[in-house]
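**Q** Need coordinates for the following:
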Amino acid sequence: MHKRMTIAVAAVLVAAACNQDPTGASSNEVVLAQNAQVIADNVAASPDGGTHFEGWIRRVIEALRTTDDPEAQACLAEARDLRAQAAEAFRAGNRELGRQLLRESFLKVLCAVVEVFPNSPERTGLAVDQAIERIENFLGDREAPRIRAILAHVKDLRAQADEALAGGDKVTALALNLRSMQILHRLVEHVRDRHEDHDGVADGEMEAAGI
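**A** Numbers count the residues shown, from 1 in each chain. Purely as a prediction, here's the structure:
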C-alpha cells in the first residue's frame, strides 16, 4: 500500500514537472499583465491618449466620413477599392494577396488620418511612451520576463516610428505607433497565450476591423 502511494505521488510530481513550461508565463505574470494592460488602456482613454484601435481610431474614422479634405477623400477612396480587391482575393482563395491588399488599404486610411490630423503620429507616439513608462514603474523589480520582452519590442517599434517620422513618413510612423498601442492593449493575450508574432496579431486585428 505504501509502495503504491509512493508511486502515485511520484507520478503526480512528474506530471506537474512536465506541465511546467519554462518558456511560458507564470500565473503571477499573467496577473501583472492584466494590471499593465489596464494601465495602457487608461492612457489610451485619457484626453491626451485614446490610441488603441477600439478607441481613438474609431473616433478618427467617424471624423473622416464628414471631411471635405480632397486628399483625405482620395486616400479613403483608394482604401475602399483596395479592400474590395482584398475581398475578391479571399473569395478566390488567394489569402496572401488578400492580406497584402488589406494592409495597403489600412495604410491608405492612415494616409487620410494624417491629412486631417497631421499631429496624430506625434500624439500616438507620446501615448505609447507614457504607457511604457507607467507599466515599467508599476513592475518595479518584479520578475516578468515575457512582459519585459514585449515592452522591449514595443520600444523598438517606437524607435522605428520616430525614425520614419524624422524622414517625413508620417503614415508609417502612425502605423507603427498604433501597432505598439494595440500590442499593449492585448498584453494579457500575448503573455498568457505565448504569441510570438505580436506584430501580426496587432496588424491583423486593425486591418480586419472593417474600416
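**Q** switch to C-alpha atoms for all contacts and neighbour counts from now on
**A** Will do.
**Q** where do the helices sit along the protein?
**A** 2-19, 27-45, 58-64, 70-91, 95-116, 120-139, 145-166, 170-185, 187-192, 198-207 (DSSP state H).
**Q** highest average neighbour count across those helices?
**A** helix 170-185 (a mean of 26; mean count of other CA atoms under 10 Å).
**Q** and that one, average pLDDT?
**A** Helix 170-185 shows a mean pLDDT of 92.
**Q** Next up, the contacts around the nearest residue to V116 once chain neighbours are set aside.
**A** Closest residue in space to V116, ignoring its immediate chain neighbours: A72 at 6.8 Å, by CA to CA, 6 or more residues apart in numbering. When contacts are counted by CA atoms under 8 Å, 6 or more residues apart in numbering, A72 touches 64, 111-113, 115-116.
**Q** related to what we said a few turns ago, mean pLDDT for the helices of the chain: which is lowest?
**A** helix 2-19 (a mean of 37).
**Q** how far away is E133 from I183?
**A** Relative to I183, E133 is positioned 15 Å away (CA to CA, to the nearest Å).
**Q** Equivalent analysis for D203, please.
**A** Using CA to CA, D203 is found at 9 Å from I183.
**Q** Same check on V43?
**A** Distance from V43 to I183, by CA to CA: 14 Å.
**Q** S27 too?
**A** 20 Å.
**Q** do the same with R158
**A** From R158 to I183 the distance is 12 Å (CA to CA).
**Q** A74 now?
**A** 29 Å.
**Q** do G93 as well
**A** Distance from G93 to I183, counting by CA to CA: 29 Å.
**Q** Could you do A45 as well?
**A** A45 sits 15 Å away from I183, going by CA to CA.
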